[in-house]
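Peer 1: sequence plus predicted model, see below.
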Amino acid sequence: MDQAVRKKRKRGPRKSKAEERAKALRSITDSKGSNSQTTVSRKAVKNVQSKLATKHERLKLQSANSLAPSGHDTQHGGRVSSSALPDSLSAVSSTLGHPTCRVIEQKYGEEYILVIEHCQEVCFHGKVLVSCLHGSVFIYGCTLHPGQKPLPVYAPRTHSALFITPLPQDEEQVVVSEHVKQLLGEDIKEDTVVVLLQKLKCPMVDYVTSVKEYANVFYWENKSKDKVVERVMSLEDSKHLESIGFHVVDDPSSPRLFTPEPVRSALSDVMEQVEHAVTKGTTAPVILLCGGKNSGKSTLARFLINLMLSSCEEVYHLECDIGQTEFTPSGFVSLTHVNTPTVGPPFTHQKTPDRCCYYGHLSPGDDPDRYVRTVKYVHQGYKGDAPLIVNTMGWTQGMGLHLLMDTIHLVHPSHILQLKGRKSAQDLPELSPEYLHTQPGWTYANIQVETNKEGDDTVPVNPELVYLQVGNDMPRHTWFTASEFRSMALMATLSSLQPAHGVLPLHALTPRVVQWSTVAVHVCNADVPPSQIMYVLNAGVVALCQADDKELSRLRQGALPDGPVVLQDTPICQAFGIGVVRGIDMERKLFYILTSVEEDRLLRVNVLLCGALSVPTPLMLQQNVEGPVPYVTSDFSPDGDIFGATPLRIRKNLQRERRQTGGTVGIGFVSANHQELRT
């Protein structure tokens, strides 16, 4: 026993297999790079080559399972077998086969031609302007043909990578343009697709990336340069495309967007109804998306918008997720008319909605009754003349589930797409027809039939249910926080304040002047005494709204001495946009507001609502002034060091005394504020 221990101690600590392989590889590299002869055991070299061959086969299998679209062969001929690798280090090459894509330079650093053969998908991050010169390609629900307008595509590293997918071509209808013939010659293969990639410049996105916190949001570090992976193009061609912001992703372990084919097959009935509504003039479909947090609702909503725009000219989008909105800053419930593809996250396509209402909180749980009334108010702006996509929040339990039932009750969807993720704890219960007709909402007892205030019954809610199994594979190290995404969307909205050239800090921009006597003010997300409300508004983000006189009279709390009217509650009214209170003139009784709202709409504004939105921290720190930065301090802790430092929140989510209701199976206990519905 002692002798065995002594022998073990003489050998020293045992090295791991990874260390042994690394040492052998270093030895091979030293023997290749140095002039002197370095001896390496044949057994070590053979062991490394055997391990690499096994890794090649595993990577090829992963590539076949994760990259290939359904119905396509992953082997495109000319592949090099891993067993045929030579013994020298040059055999440990960075590609497993001949590249199926090549790049032709048109204008260095500005535009390149991408030639794709053998129906090879190209996975990428970055931002680029895509045009199709020959053949057809599919990108995130958009189908591009020759002659169409260039498509702006945004694929930041905070989200999954996107694909350029070539589509099958009809040999009889393929026409090769003279420009393509000059590029490729007369010998053009049947499955060749030619795409023009141009550097994309967008003032909205450029403003967001002008601050150091978000400067590299579109940069993707190619960690597979030294790996043995199956590349679609050479490293030299990849470097050329990186100069215009197009970063090829070769590593099969990188997070990628779902393959479109399974989704398109699951939504075949939806698309058939959309096409039928366009051609026959029937009722347009209303599609509601629901699921847990990070299940991909917003991603699927953008995919559906792009897919539907290939069949119809316009689509409406109803945003009910106030924490992560799509076309507006957070805190708004909005109805937006969309007629152009949306290939990118929210900070790349902020729009002015057709109908919009400022809720003022980031969660509907702060005031659920007003949330339901807000959704109803905004949805009333939908006329049914185009398909509607309804995006809901990821709160799937307790009050969140009740509010989802109310949303279904209000919008009357024709289809419900329920997304199920890998984390079953965040999933909704299966929304079967029986469940939908018995589960109570927060305001309504059930969703079988709505009885409005006039007593007229509307049509029953009998949507078609589609279940989609999805998975969230976004790695943690690329995630931004929810507050950072909200800041980026708000910065994108504020980008319209900037001049055509250059970026100016907020204090260098020219504000609009608003008299106190023409507006009423209210703080949505906190209980602020009227005497302190000016401190809250100063340097704050406000919603510019128009409420009718009857609503203002009902909510009027009082007026400051020679000041604006203060409202006691948040009015449900139309919002035209947002503004930043640049300053307040207490002597002249004026607000100085930075806003891009048009002059004719600005004249109709009579309410300023301050809520959960605040000026993004990067913009506050961007001010180039001498001395301390205005409104910024580090000598403050909101954790309780100063008594009364944090705002006093109002709780409006406490239900009244519950009572038992009868006559409807499965309802159980409902709150007293439920509306009794009779079928």
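Peer 2: Thanks, I have the structure now.
Peer 1: doesn't Q106 belong to a strand?
Peer 2: Yes. With DSSP: H, G, I helix; E, B strand; the rest coil as the criterion, Q106 is located in a strand.
Peer 1: ok, it - how many residues close by?
Peer 2: 13 (other Cβ atoms under 10 Å). In short, each C-beta sits where N, CA and C put it, glycine included.
Peer 1: same thing with K107?
Peer 2: By other Cβ under 10 Å, neighbour count at K107 equals 10.
Peer 1: cool, L468 as well?
Peer 2: L468 has 19 nearby residues by other Cβ under 10 Å.
Peer 1: what lines up beside whichever strand or helix holds it in the sheet?
Peer 2: In the assignment (DSSP states H and E), L468 maps to strand 464-469. With DSSP bridges as the test, strand 464-469 is paired with strand 415-420 (parallel).
Peer 1: from M405, how far off is M399?
Peer 2: Counting by Cβ to Cβ, to the nearest Å, the gap from M399 to M405 is 11 Å.
Peer 1: what do these two both touch?
Peer 2: Both M399 and M405 are contacted by W442, under the criterion Cβ atoms under 8 Å, 6 or more residues apart in numbering.
Peer 1: tell me which of the two has more neighbours.
Peer 2: M405 (24 against 16).
Peer 1: which residue lies closest in space to that one, excluding its sequence neighbours?
Peer 2: G441 (3.7 Å; Cβ to Cβ, 6 or more residues apart in numbering).
Peer 1: so what does the one you found have for phi and psi?
Peer 2: Main-chain torsions, G441, degrees, to the nearest 10: phi -100, psi -170.
Peer 1: next, count neighbours for it.
Peer 2: 23.
Peer 1: over to R604?
Peer 2: Neighbours of R604 (other Cβ under 10 Å): 12.
Peer 1: ok, the closest residue in space to it that isn't next to it in sequence to T443 distance?
Peer 2: Residue nearest to R604 in three dimensions, not counting chain neighbours: Q546, with 4.9 Å by Cβ to Cβ, 6+ apart. According to Cβ to Cβ, Q546 and T443 sit 26 Å apart.
Peer 1: out of the two, which sits in the more crowded spot?
Peer 2: Using other Cβ under 10 Å, the more surrounded residue of Q546 and T443 is T443, with 22 against 15.
Peer 1: do you know the pLDDT at the more buried one?
Peer 2: Looking at T443, its pLDDT stands at 82.
Peer 1: isn't the residue nearest to R604 right up against L602?
Peer 2: No. Applying Cβ atoms under 8 Å, one finds Q546 not in contact with L602, separated by 10.2 Å.
Peer 1: shared neighbours of those two, anything?
Peer 2: F576.
Peer 1: can you pull out the strands in the stretch 351-500 of the chain?
Peer 2: Ranges of strands within the stretch 351-500 of the chain are 355-358, 388-391, 415-420, 464-469, based on DSSP state E, counting those that start in this stretch.
Peer 1: ok, G126 - how many residues close by?
Peer 2: Neighbours around G126, by other Cβ under 10 Å: 24.
Peer 1: ramachandran angles for C545?
Peer 2: Torsion angles, degrees, to the nearest 10, at C545: phi -130, psi 160.
Peer 1: tell me which residues touch the closest residue to it other than its chain neighbours, please.
Peer 2: Distances taken as Cβ to Cβ, 6+ apart place V607 nearest to C545, at 4.2 Å, with adjacent residues excluded. Residues in contact with V607 (Cβ under 8 Å, 6+ apart) are V519, A520, V521, H522, L544, C545, Q546, A547, L552, L567, P571, C573.
Peer 1: also T595?
Peer 2: Per Cβ under 8 Å, 6+ apart, neighbours of T595: L497, R512, L544, G577, I578, G579, V580, L602.
Peer 1: let's have these in TSV, adding pLDDT, neighbour count and distance to Q120.
Peer 2: Output for the contacts of T595, formatted as TSV (pLDDT from 0 to 100; neighbours: other Cβ atoms under 10 Å; distance: Cβ to Cβ, whole Å):
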residue	pLDDT	neighbour count	distance to Q120
L497	93	17	43
R512	94	17	53
L544	97	25	50
G577	95	24	44
I578	96	24	44
G579	96	26	49
V580	96	22	48
L602	92	17	52
